[in-house]
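Enquirer: sequence unavailable; structure follows:
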């Protein structure tokens, strides 16, 4: 088969097909249709030349380019279900997001979106808890959750780490988590940190009368990661954080399977995502990564924000706008999005995922976040709490005060007249 043979614009996708949407810049002298056909060929049954080894007609299981938008350089490919092993994300991604990015026929290629058919969805477990389960754990019905990352991210010993967490919880944070590069260092070993911080959590719960959550980073070699999950569970923890891209999809599936026994809330950090997502023309979109993570079964996922530190002028439309418009807001114009944002839309048995906003946030951003993203969000503040002029406790109080004001429909400026911690935050960061 020639590359053009994979372009069948009269083909109507079946419900059982896996659908991918791509952006491509064809190489010089190539057409978008031929480039799209090459992608379909390489990611399914084809190769660069005719072969004599086929014992069957592969056309019925080949990928089919059924839509080509030359103006926007976008095309859609339908993949028959027979091409995939259910429950095997590495195999699925090796097919649809494997060799294709190195093909000479395209200068740029980006996997923008993916639609999983019902049979693929049913082969995965999805989140153990999701939004509703986490709210039940914390006894928080409908307000946004307030969290912080222990800062400095590296350098504290276990007791110092626990003290920072305690102050954040007492001040009003619901959640405290480790940062992405804190695991088990010489100055802050994993087991002492977990035991000290969970003791601080228990003490904070007694003082505040509120349920609290600690998210320890268990990311490591796979078997060590499972041992760390068990240690967290055995010491009374209810959550584990994993760096989903650096540990890999196969390891994440192993973690999710083991979690049938551990029953921990899985918090997904996206460290390293920008290596795939940041270029607007090449790579894999954060939307695609988020869908895969939800399918496998994380309960919470970092989405970034359109404010804060984690973007520049070039990254706003590439990462944050893409995520917030396609993951959080309903995506219009793509045929299989049937209303509701991706992290919460109906995926059969797959529970919805809590969106985590993080990256340079402070209390002044809260009205914007709630207005644009709704209440089913976790707002993670680092320096925006610990950098408060009066310290961590005051920073956490300011964040909770900003949440209360926003939910009451009162401006932060008006609310700050009777809430000194918020007043300081406004003066400091406005």
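Expert: Yep, it's here. Given the structure is predicted, the values throughout are model-derived calculations rather than measurements. Numbers count the residues shown, from 1 in each chain.
Enquirer: rest of the way, CA atoms for contacts and neighbours
Expert: Will do.
Enquirer: enumerate every residue touching the nearest residue to residue 284 once chain neighbours are set aside.
Expert: Once flanking residues are discounted, residue 284 sits nearest to residue 111: 4.8 Å by Cα to Cα, 6 or more residues apart in numbering. Shown in contact with residue 111 (Cα atoms under 8 Å, 6 or more residues apart in numbering): 20-23, 97, 282-285, 288.
Enquirer: and the longest helix for the protein?
Expert: helix 190-208 (DSSP state H).
Enquirer: for the stretch 101-250 of the chain, what spans make up the helices?
Expert: Remark: helices assigned in the stretch 101-250 of the chain by DSSP state H, counting those that start in this stretch are 118-121, 130-138, 158-171, 190-208, 222-234, 244-247, 249-262.
Enquirer: pLDDT (mean, whole number) over the longest one?
Expert: Going back to what we said before, that points to helix 190-208. Summarised as a single mean, pLDDT over helix 190-208 is 98.
Enquirer: which is the next helix or strand following the helix or strand of the chain with the lowest mean pLDDT?
Expert: In the chain, no helix or strand scores lower on mean pLDDT, DSSP states H and E than helix 321-323, which sits at a mean of 44. Counting by DSSP states H and E, the next helix or strand C-terminal to helix 321-323 is strand 354-358.
Enquirer: so what angle separates the directions of that next one and helix 130-138?
Expert: Calculated by axes from the mean of the first three to the mean of the last three Cα atoms, to 10 degrees, strand 354-358 forms an angle of 80 degrees with helix 130-138.
Enquirer: most centrally placed residue in the chain?
Expert: residue 301 (3.6 Å; Cα atoms, centre = their mean).
Enquirer: picking up where we left off before, which other helices and strands does the longest helix of the chain contact?
Expert: helix 158-171, strand 213-215 (3 or more Cα pairs under 8 Å, 6 or more residues apart in numbering; DSSP states H and E).
Enquirer: residues of it that come out buried?
Expert: Within helix 190-208, the residues that qualify as buried are 190-191, 193-198, 200-201, 204-205, counting by 16 or more other Cα atoms under 10 Å.
Enquirer: now, which of the contacts of residue 111 lie within helices?
Expert: residue 288.
Enquirer: report the separation between the residue lying closest to residue 294 once chain neighbours are set aside and residue 290.
Expert: Spatial nearest neighbour of residue 294, excluding adjacent residues (Cα to Cα, 6+ apart): residue 126 at 5.9 Å. Noted for residue 126: a distance of 12 Å to residue 290, by Cα to Cα, to the nearest Å.
Enquirer: what's the answer for residue 6, then?
Expert: From residue 6 to residue 290 the distance is 28 Å (Cα to Cα).
Enquirer: again, but for residue 359
Expert: Counting by Cα to Cα - residue 359 and residue 290 are separated by 17 Å.
Enquirer: residue 346 too?
Expert: 15 Å.
Enquirer: counting contacts, what elements does the host helix or strand of residue 368 pack onto?
Expert: In this assignment (DSSP H and E), residue 368 forms part of helix 366-373. If you count contacts as 3+ Cα pairs under 8 Å, 6+ apart, helix 366-373 packs onto helix 392-408.
Enquirer: low-confidence stretches in this protein?
Expert: Across the chain, the ranges flagged by pLDDT under 70 are 1, 46-59, 305-342, 345.
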